[in-house]
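Colleague: Take a look and give me a structure for this.
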Amino acid sequence: MAGVVPGMILASHARAMTWFIARGRTTIRACRKATWAERFAAFRKSIWGLLLIVIVLGGIYARRIHADRSRRHERGLRLRHRGVRLLAT
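Modeller: Alright, predicted model coming up:
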């Protein structure tokens, strides 16, 4: 919870700066609006990148994955490669 307030402050500042910079520019309005087919095609291309965030954060909050497990697994693979047997991996 300690990162929520600074994250919200940072997001609001980024939104304000984006609005301030884009306010006077007309190039954004000059572009044509994307069709629904183009939007759907772009979404289909980006679905795995968007799902990656959900998978990683969902795994962390569900306590299925964590950083320590990957280090232990890597260590076990390294030791097995040298011919050392571990009792519990």
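Colleague: Now for this structure: which helix has the highest residue count?
Modeller: helix 36-61 (DSSP state H).
Colleague: So for that helix, what gets flagged as buried?
Modeller: The neighbour-count check on helix 36-61 (16 or more other C-beta atoms under 10 Å) flags nothing as buried. The C-beta positions use only the backbone N, C-alpha and C, and glycine is treated the same way.
Colleague: show me where pLDDT drops low in this structure?
Modeller: For the chain, the stretches flagged by pLDDT under 70 are 1, 25-30, 66-89.
Colleague: redo that, cut-off 90
Modeller: 1-7, 18-34, 50, 53-89 (pLDDT under 90).
Colleague: that older thread, list the helices and strands the longest helix of the chain packs on?
Modeller: Using 3 or more C-beta pairs under 8 Å, 6 or more residues apart in numbering; DSSP states H and E, no helix or strand is in contact with helix 36-61.
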